[in-house]
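Novice: the sequence and its predicted three-dimensional model are supplied below.
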Amino acid sequence: MIFGNAFIRRQVFGRGQAVWLFAAVAVCTLGAAQTARADQDMEIRIRNLGPALDAYVQKGMKDFDNPGLAIGIVTSDKLYFSKGYGLRKKGGEPVDTRTVFQIGSTTKAFLATTMAIAADRDKLAWDARIVDLDDDFEMKDPWVTREFRVSDLLAQHSSMPPSANDLMGMLGVDQAGMVRAMRFVEPVSSFRSAFAYTNVTHMLAQRIVARQFGAPDWDTVVRTEIFEPLGMQNSSFTAEAIQAAPNHTEGYRWTPHGTVEVPFTPIFPYGFGAAGAINSTVEDLGPWVRLHLANGKFEGKEIVSAKNLAVTKTPRTGINEALTYAMGWVIQSTPNGRIVWHNGGTTAYGAFIGMAPDKDVGVIVLTNETNVGFPDAIGEWALDRLLGNPEIDHVAEKLKAANAAFAQGEKAGAPPAVRQPATVLAPLTGDYANDSLGQAKVSGDGAGLSVEILATGAKLKLADQGGQAFAVTLVPEGRFQDIAANLGPEPIGIAQFEVDQSGGIGGFTFISGDNGQKYPFMRR
């Protein structure tokens, strides 16, 4: 813009035009030379990082018992470094840069970018009210319902609890059911006042994007607008697709005692769509990072405008003093520059995509293990070294935190130290109903209780904790066999039966172990 204004002024004044033009060309040439030197410097930094990166990755994989990992580093508008480590599965073939992994919630940035493309084409306005775009949208608070905007969908400040309605998806409820049930979720904060990470708002967003594009689904929009222009031929959206890929990883659930291989299931993450369903590779994600470092352009062609892409990276919700959440991206301050990143975690995979836009460098890390911090640690460590930040052993820190969280989860799921008298089970059996999950049947078999969610067929085993409280686990039957293996043996929540005014059982409350969200069931 400075060059443009200067050139216009000299056209008006007439004399000296050639001098000003020469000055502009000289400054442009100097700027190009400085950019080239910066690119060369970053390339040298990446080359020099190689041996230390190898050692750090290999040690981290051993510490976390992570079977396989792939990493890529982008700079100078290319995937400058990429490498595979370990195995696709224990005892199997080696990982390479074309090996397919689940990328979890790094999918959210793809959703944000499709929204930006829709804004470019006047199909979607960032300040549009959701009630004007989706007739079925409703929140518990009528004011929030009226004021919820497109820019709020991905900003993680919905007023709902973290992971709101995720449990419903694990129990087989479809996306439409999870979105509709937002109206029954009790808020835990004021709207736009606090960070609370949710997936269900992204399911609503993908529905709106598909509708505004006139597409049958959001997957079609991503294929047409992103995958095809970027040449992402090995990226997909389903459990069937990753299993069909000849060069794919198997996923592992993390425990402190070693990782456990688990099967693919269409329920998670694939049932959660744009919140986390993409499968991809380091080589496919290289162009994706190039697109963002180039502010929406890929190989000279504009895929999305810099203006609307920047909207997706504008801080919207504070997380802590160093982190803010934008739309599908976390914005982080470091001693030597801003980092834009997001991680991904499914029940059996982990991912990290992070960029330092001002330094023209991005890092991709994919793993076939539950994300308890390992891919984040590798990505953060690599970016710290490339930016010249203080050296921190992120792997050690994340492993310590993972072990502590696991121990806390085991403690929460353990029977109480002082047990109440055993619950009399017969009065608890019968028919119940919940606004979100529908009708449920509580049955007893002499040894204990079970709850069947009739709409989906999911069965829950209730282990008596005394005092009419029960630890709840998902029964591995039918289509829930694989998701139960992914979730592991720990309880997914607590069921607490309540006595009504007449002294009978009036209902029970299912409390999710993930976020404390309550699902009250009333006796029918």
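Specialist: Arrived safely.
Novice: assign a three-state SS to His342, would you?
Specialist: strand (DSSP: H, G, I helix; E, B strand; the rest coil).
Novice: residues touching it, list them.
Specialist: Ser105, Thr106, Lys108, Ala109, Gly328, Trp329, Val330, Phe352, Ile353, Gly354 (Cβ atoms under 8 Å, 6 or more residues apart in numbering). Heads up, the C-betas are built off the backbone N, CA and C, glycines and all.
Novice: next: Lys78.
Specialist: For Lys78, counting by Cβ under 8 Å, 6+ apart, the contacting residues are Gly286, Arg290.
Novice: could you look up the SS state of the most centrally placed residue in the chain?
Specialist: For the chain, the residue sitting closest to the mean C-alpha position, by Cα atoms, centre = their mean, is Ser105 at 1.7 Å. Three-state assignment for Ser105 (three-state DSSP): helix.
Novice: rewinding a little: list buried residues within the contacts of His342.
Specialist: Among those, those classed as buried by 16 or more other Cβ atoms under 10 Å are Ser105, Thr106, Lys108, Ala109, Gly328, Trp329, Val330, Phe352, Ile353, Gly354.
Novice: tell me which element the last one is part of?
Specialist: Spelled out, it's Gly354. strand 350-356 (DSSP states H and E).
Novice: format the CA atom coordinates belonging to that strand as CSV.
Specialist: What follows is strand 350-356, C-alpha atoms only, in CSV (Å, rounded to 0.1, in the frame of the first residue of the first chain):
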residue,chain,number,x,y,z
GLY,A,350,-2.8,-37.9,18.5
ALA,A,351,-1.9,-34.9,16.3
PHE,A,352,-0.3,-31.5,16.4
ILE,A,353,-0.2,-28.8,13.7
GLY,A,354,1.5,-25.6,14.7
MET,A,355,2.9,-22.6,12.8
ALA,A,356,5.0,-19.5,13.5
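Novice: how far away from the center of its chain is the helix or strand just after that strand?
Specialist: Next helix or strand after strand 350-356 toward the C-terminus (DSSP H and E): strand 361-367. When C-alpha coordinates are averaged (Cα atoms, centre = their mean, to the nearest Å), strand 361-367 and its chain have centres 15 Å apart.
Novice: against Phe195, how distant is Pro315?
Specialist: With distances taken as Cβ to Cβ, to the nearest Å, Pro315 is found 11 Å from Phe195.
Novice: pull up the overlap in contacts between these two.
Specialist: Shared contacts of Pro315 and Phe195, counting by Cβ under 8 Å, 6+ apart, come down to Tyr325.
Novice: more crowded one of the two?
Specialist: Set Pro315 next to Phe195 and count neighbours by other Cβ atoms under 10 Å: Phe195 wins out with 17 against 14.
Novice: list the contacts of that one.
Specialist: Gln156, His157, Thr317, Gly318, Ile319, Tyr325.
Novice: from Gly300, how far off is the residue nearest to the centre of the chain?
Specialist: 31 Å.
Novice: where does the prediction get shaky in this protein?
Specialist: 1-36, 413-420 (pLDDT under 70).
Novice: kindly recompute the last result at 80.
Specialist: Counting by pLDDT under 80, the low-confidence segments of the chain come to 1-39, 411-422, 445-447.
Novice: still on that earlier bit, sheet partners, orientation included, of the strand holding Gly354?
Specialist: Strand 350-356 pairs in its sheet with strand 337-345 (antiparallel), strand 361-367 (antiparallel), by DSSP bridges.
Novice: so which of those strands comes closest to Asn486?
Specialist: strand 337-345 (12.1 Å; Cβ to Cβ).
Novice: pull the CA atoms of the closest one into PDB?
Specialist: The C-alpha trace of strand 337-345 is given here as PDB (Å, rounded to 0.1, in the frame of the first residue of the first chain):
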ATOM      1  CA  GLY A 337       7.100 -14.900  18.400                       C
ATOM      2  CA  ARG A 338       3.500 -15.900  18.000                       C
ATOM      3  CA  ILE A 339       2.500 -19.500  17.400                       C
ATOM      4  CA  VAL A 340      -0.800 -20.600  15.900                       C
ATOM      5  CA  TRP A 341      -1.600 -24.200  16.600                       C
ATOM      6  CA  HIS A 342      -4.100 -26.900  17.400                       C
ATOM      7  CA  ASN A 343      -3.800 -30.400  18.600                       C
ATOM      8  CA  GLY A 344      -6.000 -33.500  17.900                       C
ATOM      9  CA  GLY A 345      -6.800 -36.400  20.200                       C
END
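Novice: my guess is Ala402 contacts Trp254, does it?
Specialist: Yes - the criterion here is Cβ atoms under 8 Å, and Ala402 meets it with Trp254 at 7.1 Å.
Novice: neighbour count: those two, which is higher?
Specialist: Trp254 (25 against 21).
Novice: can you tell me the helix or strand for the residue nearest to that one when sequence neighbours are not counted?
Specialist: Spatial nearest neighbour of Trp254, chain neighbours left out: Thr370 (4.1 Å); criterion: Cβ to Cβ, 6 or more residues apart in numbering. Thr370 is part of no helix or strand when elements are defined by DSSP H and E.
Novice: much appreciated, bye for now.
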